[in-house]
Every structure is written in C-alpha cells, then in structure tokens.
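Novice: After the sequence you'll find the predicted model.
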Amino acid sequence: MKKSGFKFLVVLAVSIWLTPFASFAEVISADSAFQSFPPMPIIVTVSDMPNDPGGALIVEWSIPDADSLTLASMNVYQISRSSNPDSEFESITSLVAGSTRYEDSGLEDGKNYYYRIIAFDNDNRLAEGTGGPGVPSGQWFNTGRIPILIMVVLFATTAIGFIVSAKKGYKFYVRPIAGIRAVDDAIGRATEMGRPILYVPGLGTASEVATIAAFTILGRVARKVAEYNTRVIVPNYDPVVMAVCQEVVKGAYTAAGKPDMYDANDVYFVTQDQFPYTAAVNGVMLRQKPATNFYMGMFYAESLVLAETGFISGSIQIAGTDQLVQIPFFVSVCDFVLMGEELYAASAYLSQEPQQLGTLKAQDWGKVLVVVLIIVGMIFSTFGWESFAAWFDVG
Amino acid sequence: MRREIPLVIVFLFGLFMIVQFFIPHRSFAFLYQEFNNWTIIIGIFTMVIGVGSLITVHYSKIRFKKPGWGYSIVTIVSLCGMSLIGLIGGTENELFLNLYRYGLSPVTSTMFSLLAYFIASAAYRAFRARTVVATLLLISAVVVMLGRVPIGQIITAWLPEWLQLQNIADFLLQTPNVAAKRAIYIGVGLGVAAVSLKIILGIERTWLGGDGGK
Amino acid sequence: MAGNVEMGFWDKLMAIDRRWIYLTIGIVVFIPILLDMTLPVYVTAEVKAVYDRIDALPQGTVVMIPCEYDPATMAELRPMAHALFRHCFAKDLKIVSCALQIEGVTLVKDDLALIAAEYGKTYGVDYVYFGYKPFPAIVILNMGENFRKPFPRDYYGTELDSLPMMKGVVNYSSCALLVNINATSGADYWINYANGRYKAPLALGVTAVSATDYYTFLASGQIFGLMGGLKGAAEYEKLINHNAAATKAMNVQSIAHSVIVVFILIGNIAYFASRKRKKAI
C-alpha cells in the first residue's frame, strides 16, 4: 500500500509538472505556429507616377519594425488593389523578396486606388499593410526634361540671333570645304569627257537629315548639269526620296531654262534592299562608265563596294555621309569626302544665304557651349560634386 | 500656294513634335501615336510609286531595246513572280521560301562577301605611311586587325600583358575611339538640330524641289 | 641594268593588277576551312558581361532577343544569335523575339526554331516569335507600352494572349533583359527608346564594323554588354562551351587579316622604294 501510494504521488507530481508544457504543446501545432502572432505593419505609400501620360501609380512600402533576419525570411510580397478600402482587394501581382516599389499602370485617371501588401514566408503571413488612396493623373509638363528645354530654347534663340545679324549684313566666315568646292570641277570633267554623272542619294529615307542634305547638293549638281548639257543618273533606294529627287532635278532643269532636257527615266527607283540596290548601281557604273560619282547621304556596308567599283570604272568620286563607320571606307577610296557635319553645312556653303549661315554659326557656338559644359562637369566630378552631371540625366 | 501649304504643314507638325516631347499628357501621347501611324501608312503607299517607277524604266528599256534590256526582263519577271507567289501562296509556302533561301539569300550574301576582296585591294592601295598622321593610322589599323583575331594573341603571348596586341587593340577601341566618336556625335547632333530647325522654320526648302522652293 | 630592273619591280608591285589580290584572298579564305585547327579565342569583358548576366538568371525568366540581320550579315550575326539561343534554352529561360528588318524575318524564325528543336523547346511555351512590322523606331516605342500594341498576334497569326508564355508578359519590364542582334543602325533606336525611355537593361550584338560605334554607349552604361562581329560570336561560343561556326571562322579571319597586313606592308615597302628611286633620278 505504501509503495503504490508513493508511485501515485510521483506520477501526480510529474503530471502536474508536465501540464504547462502540454498546454503549450497544444498551442504549438504545425499549422498555426505564427498565426497567433499578429503580422507586422507595412507602411504603404501610394503616389501618382510623375511625368507620365496618366493611368499609373507608384506603390512603395517599408517594414520599420522588421529586423534584417525577419526581412530575409520573407520570400514574396503579394500586392492587391481595390477602389474602396472596405471592399475586397483583388490580387494583381507577387514580387520577390527585397522589392520595395511597384509601378501599377492601366488605371483610370481621377479614380481612387488602395493597395494592400502582404509579406509571406511560405504560407505564413509575416507583415501586412494598406495604403492609399492614390489618384492617377497625366501631367502637362515633363519636369525631367527641363535641361533639354533650356538647351533647345538657347540653341533656337542663338540661331535666330545669328540669322537676324546675317540679314543685317554681318559677314560670317565659313572655312572652305574641299569636297563642295570640287563639285563644279567634277561636273566640268564629266562634260569634257562626254560621260554622264552618277548621283547616289544614299540608303536613307527622306526624313533623315543626311538625305535632306543630299537633296541640296543634288539641286546644285542638277543645275550645273543642265547648264553644261550633261546627263545625271540618280538611282534611288527609297520611293519618297525618288519623288523628291525627281522634283529637285526637274526644277533645276527648268530653272536653267532647259526643261525638255529632263528625263524621268534617269531618276528612278531601284529596290529597297541594300545589296540588290548596290548591285544595280554597280551595274550602272560598269556599263555607263560615269565620269563622276557622287555618294551623298546615308550609307552602310555597301559604301566600300560602291566606291571601289567606281574606282575600277575610273570615275572621280565625291562622297558625303554622317555614318561615322563608313567614313574611313570612303576616305580610303574617294577623291573627296564630306564628313558628318560638313555634309549638313553643304546647304549653307552652296547657297551663302544669311539664314543658312546663321544656323551654321549657331552650331559652332553650340559646340563651344558643350566644350565649356564638359570642362565644368569634369572639374565638378573630380571634386565629387555629382549634382551637376546628374542634372543632365534626363528621362 | 503650292509651296506655302507644304511649308505651313511642316511648320505645324514640326512644332507639335517638339512640343509633345515635353508634354507627357495622354492627349498628346495619343496624337503622337496617330501621327506615327500616318507615317507608316503613307510610307507603305509610296512603295506603289516606287514600283511604278521601276516598271516604267525597265519597260522602256525593253521596248526600245536599250543596252542591257535583257536584264530588264529578268527584273520584271522576278518582281512579278515573287509578288504573285507570295500573294497567292502566302509567305510561308515552300516555293516562296525556297526562292528566298536558295535565290535571294545566297545572292545577297555574295554581294556582302565582295567586301573582303575590296577591303584588301583598298588597303593595299590606300594605306600608305605618307605623313606622320597617316603612319599613326596605319599602325592603329594593323594593331586592331591583328589584335582582334586569335593570331594576335599567339604572336604576342610572350610579351608583358600591356604590350600584347589584343590588350592594345582593346585600349584603342575603348579609349581614343570612344573619345573621337563622342566628339563627332556631338557635332552631328548639333548639325541635325540645326538642319531640323531650318526645315521647320522654312529656311531649308530643297526638299520641296523646283530649285529649292524659291 | 640590274638596278633598273630592281626599281622597276617595285613600281610594278605598286601597280599590281587587283585581281591577283582578289585571288590571294580567295585562296587564303578557302584553305583554312579545309584544315582542322582551332586557334584559341580570348574573351573580352564586354562579351563576358552579356554571358554573366544571362547565366545569373533563374529558370523560367523571360529574355527578349530581337534580331535584325539579313542574308548579307548572317555570316557574322547568325552564329551570335545561335550561341545566345543555346545559352538561354540550356538555362531554361524563355525567349521573346522579333525581326524588325524585313529581309531577315524568315531567317530569324528558322534559326529560333532550329535551336529550340535542339533543346526540345515548345513554341508558345518556351519561346515566342512576333515577326516583323515596319518602321522600327515606332515599333520599339510601342513595345515599351505593350508588346500587343504593334504585335497583337505573333508571326503565325496566333493572338499573343492565347500563348501560355505570354501570360503576364506585357512589355520590356516583363523581360529580365534585352539583347538586340542588329546589323543596321537601328540599334540606336533600341538604345534611345528601349533603354533611354523604358530603362530596359540592354546589350547589343552588332557587326564588327559597327561595334566601334557602340563602345561609347558601353562606356556610358547605356548598354551593359557588346558583342562585335564574328569574334564576339566566337567568344560567346567559348563561354557556353559549344564551338560552332564562329570559332571555325576565326581561323579564316586570323589568316585573312594577317595576309591583308602583309599586303599593306608590301605596299608601303614598294611605295618607299619607288619614292627613293624617283628622288635618286
């Protein structure tokens, strides 16, 4: 009796001792380990996307109460959206851990939007927060592009200022450009030899500046050609360029008083394929043996094929392009080359009009300004003052 | 009026394109998109003019048996043939694809391959050490040509790293080349801005034709 | 007499018929193709940057590889495209592609299908090809808003929304990065619009001649990597341990470049010898 009584007391004591652990074990079940702890708060801010056409919001969040260990344990953020904080939120996306920002688009301007962010660690909801309202709207001015606006206004004002000066009689000096000066001599050579002139306006479209510069030089060439009774052949890559070239050449012949000399079959469309076009032009060079070849405009890999074939056929060659990569090929084969801006300056150089020369001067002063800005930026950056360079970082 | 109307159109649309760059609002973005769509549509229709010109020129050559008129027959047959095959059978039909793969593709590749021969003959003829600058250019060309292929690495592998051809070639590409290109880009950019301004303001009118629009 | 013959020789050499040069180049390009040799390719930092960036992407990530090459430039750029496709498919990445140059539409489609078949990839699930639309600048701008704007359907006429891979893939921000393989100056549009306006991480694969232009953008950080020409393709093949066309072509290129250098040296020797003779006279 005494032994069984002692055993009963031991069991009772152990049971009493284990009871708290048992009740704690009930609490710690596999599925509900963290649900008894409320999720940490997420601070959610919603703002309109700046400098956009509208329909977009920026959602940003932070979890100030979470330490680095907790943050590292979060593996996904679920983002939901609603137009009413009390109604159901619709899940829109999930982002990987570490994200603190989301850009939502395709929204309706003027409408309120609320966002709920929940941070998960597998199935456990570790943090949660709701923010808003954010109201998307479009902006009427892109403040990020103010530096560009300043430069545009500065450049335009300078150009207009120089144009006005030129119109009042101020003489601007423009350095001689050998390629342009050689145009007249080259046309004269063709006339003496009784052979035609080949003018290739490049592979650009009519909206490209190099092609527009090519039109200007073509106008000059066509006028001289008309005066000298020589033939000019203009094979074209682009139909719109062809249409403009036809007008330019026809107009030049008319201005020279020889409209009947214009032959529409000499200004024609070939193809809009690079190497078939090159093959066609090469064929013209080898069959017609022009005395002078002009390559003005945009050229790509075919530049050397054209120039070398022209060299083989014994033509004088004058090239002009703004494609930097092709300039070395032209330089090594052609007699004269207009490089980059020299091609754009051709219009001003040939016409000597005050308005044209004024904008040329504005370009030069624009370059001076750029050099000054580079030097200032270099000095500032050397001393660690990055704000100057950052001001030019436009979106 | 024939000249004034295009100038007014160019001015208005040019001005709009400048202004819309600074105004992100939906209404301006919509207009910008619409104008871009018009550009695409107009560009496609101009192809009709181009093809018309091509056929006119070659038909004239065939009719009057001008030199090379046989090639004109080939041109017109190819143009009409490929177009009809593509229109009737679609661009995925075997005949169309075979003509592309075994006709057009090798011909185009061959034209590009001519560059290998032409660069050799041009280099032989033009790369002369006539002046100090020309000599520098020549040396740079040789260094980059050899440095960018495995043989450059092999022949200078025994030298210190900074003297190996591939490293010198990389330096030339990443430093002097970048500096020069940046400078030219800035100049070209200003040139483009200047010409665009001239076109918008109607100062540059050669694109109008007829003696520069005068 | 002997001296006159020697001087005449240099003049003749300077005026050599160019067809001898063409013949030499032809032989020099042809013979290495027959030889079984592999010259070592060293990898440059700009190509490794592209490789490392793609290699670090997790499985299932969407990558955009728009290709703008044609039969003329496919010799340089097709091996590059193949190497990139191989790398992406080997890492189970998903590829979105388009061809904004009309001459290359079929080429790119065939290349993508060829490499996808090698890795057992399924169209619509592992890769999607949009095809072609004209005016690349406008298309690139529109794709920044939504791929469906310029391409509501893919190349085969299937609506993009019905393709499993395209669920949730809206625009450039849905892609981890863009690698544009471009034979034209259209690469400028990708830099200005895709990276400049939409901040898409961008790398370029261009022809060797064009590569010199794009080092400026590499230096400014507008592109994170640059592959130039056949050499760039050979470097990428080395990185993915799959030597193919580009690696073999480096043999040819090495010898051809060396021969051109020899021609240049001969030309200069002839020039100076001829000049010396004229001064003596």
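Specialist: Received, thanks. Predicted model, so just to flag it, every value in this text is computed and none were measured.
Novice: Pull out the buried residues from the longest helix along chain B.
Specialist: Counting residues, the longest helix in chain B under DSSP state H turns out to be helix B:26-63. Applying a neighbour-count criterion of 16 or more other Cβ atoms under 10 Å in any protein chain shown, one finds B:28-29, B:32, B:36, B:39, B:43, B:46, B:50, B:53-55, B:57-58, B:60-61 buried in helix B:26-63. Every residue, glycine included, has its C-beta placed from N, CA and C.
Novice: Excluding covalently adjacent residues, which one is nearest to residue 80?
Specialist: As the question left the chain open, I've gone with chain A. In space, and not counting its chain neighbours, residue A:80 is closest to residue A:89: 3.6 Å by Cβ to Cβ, 6 or more residues apart in numbering or on different chains.
Novice: let's do chain C instead
Specialist: Per Cβ to Cβ, 6+ apart, closest to residue C:80 is residue C:233, 4.0 Å.
Novice: Show the secondary-structure elements that the helix or strand the one you found falls within is packed against.
Specialist: For residue C:233, the enclosing helix or strand under DSSP states H and E is helix C:229-239. When contacts are defined as 3 or more Cβ pairs under 8 Å, 6 or more residues apart in numbering or on different chains; DSSP states H and E, helix C:229-239 packs onto helix C:45-55, helix C:74-90, strand C:202-206, helix C:208-220, strand C:225-228, helix C:245-280.
Novice: Please repeat the previous calculation with a cut-off of 6 Å.
Specialist: Counting contacts by 3 or more Cβ pairs under 6 Å, 6 or more residues apart in numbering or on different chains; DSSP states H and E, helix C:229-239 is packed against helix C:45-55, helix C:74-90, helix C:245-280.
Novice: Buried residues, stretch A:329-337. List them.
Specialist: So for stretch A:329-337, counting by 16+ other Cβ under 10 Å, buried means A:329, A:330, A:332, A:333, A:334, A:335, A:336, A:337.
Novice: swap that for stretch B:64-82, sorry
Specialist: In stretch B:64-82, the ones that count as buried by 16+ other Cβ under 10 Å are B:72, B:75, B:76, B:82.
Novice: So the last one: helix, strand or coil?
Specialist: Read it as residue B:82. Here residue B:82 is recorded as helix under DSSP: H, G, I helix; E, B strand; the rest coil.
Novice: quick one: what helix or strand has the closest residue to it other than its chain neighbours in it?
Specialist: Nearest residue to residue B:82, sequence neighbours excluded (Cβ to Cβ, 6+ apart): residue B:99, at 6.4 Å. Assigned by DSSP H and E, residue B:99 belongs to helix B:94-99.
Novice: any idea of the mean pLDDT in that helix?
Specialist: Throughout helix B:94-99, pLDDT has a mean value of 92.
Novice: so what's the nearest residue to residue B:26 once chain neighbours are set aside up against?
Specialist: Nearest non-adjacent residue to residue B:26, counting by Cβ to Cβ, 6+ apart: residue A:53, 4.2 Å away. Residue A:53 makes contact with A:138, B:24, B:25, B:26, B:29, according to Cβ atoms under 6 Å, 6 or more residues apart in numbering or on different chains.
Novice: export the helices and strands packed on helix C:229-239 to CSV and tack on mean pLDDT and mean neighbour count?
Specialist: Compiled in CSV, these are given as follows (pLDDT from 0 to 100; neighbours: other Cβ atoms under 10 Å in any protein chain shown):
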stretch, mean pLDDT, mean neighbour count
helix C:45-55, 97, 19
helix C:74-90, 96, 24
helix C:245-280, 89, 18
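Novice: I'd like those helices laid out as CSV, including distance to residue C:145.
Specialist: Output for those, formatted as CSV (distance: least, Cβ to Cβ, whole Å):
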stretch, distance to residue C:145
helix C:45-55, 25
helix C:74-90, 25
helix C:245-280, 36
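Novice: Out of those helices, which is closest to residue A:206?
Specialist: helix C:74-90 (28.2 Å; Cβ to Cβ).
Novice: So what touches whatever helix or strand comes next after the closest one?
Specialist: Where DSSP H and E defines the elements, the next helix or strand beyond helix C:74-90 is strand C:94-97. By Cβ under 6 Å, 6+ apart, the list of residues contacting strand C:94-97 from outside reads C:62, C:63, C:64, C:65, C:88, C:112, C:126, C:127, C:128, C:129, C:165.
Novice: so where is chain A shaky, pLDDT-wise?
Specialist: A:1-37, A:395 (pLDDT under 70).
Novice: just the strands in it please.
Specialist: A:40-41, A:43-48, A:57-62, A:76-82, A:90-96, A:101-104, A:113-121, A:124-134, A:197-202, A:232-236, A:267-269, A:292-298, A:316-321, A:336-339 (DSSP state E).
Novice: Between those strands, which one is closest to residue C:133.
Specialist: That would be strand A:292-298 among these, by Cβ to Cβ, at 21.5 Å.
Novice: Which other helices and strands does the closest one contact?
Specialist: So strand A:292-298, by 3+ Cβ pairs under 6 Å, 6+ apart, packs with strand A:197-202, helix A:209-228, strand A:316-321.
Novice: CA atoms only for it - export them in CSV, please.
Specialist: What follows is strand A:292-298 as a C-alpha-only set of coordinates in CSV (Å, rounded to 0.1, in the frame of the first residue of the first chain):
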residue,chain,number,x,y,z
THR,A,292,31.9,61.5,-111.8
ASN,A,293,30.2,59.6,-108.9
PHE,A,294,28.6,61.4,-106.0
TYR,A,295,27.7,59.5,-102.9
MET,A,296,25.7,61.8,-100.6
GLY,A,297,23.5,60.7,-97.8
MET,A,298,23.3,57.6,-95.5
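Novice: okay, now the domains of the chain?
Specialist: Answering for chain A, as no chain was given. A:40-134, A:143-171+A:356-391, A:178-347 (automatic domain parsing).
Novice: wait, chain C
Specialist: C:20-38+C:250-281, C:45-242.
Novice: and among those domains, the most buried is which?
Specialist: Here the criterion is mean neighbour count by mean count of other Cβ atoms under 10 Å in any protein chain shown, and of these the winner is domain C:45-242, at a mean of 20.
Novice: start to end distance for that one?
Specialist: End-to-end distance for domain C:45-242, by Cα to Cα, to the nearest Å: 19 Å.
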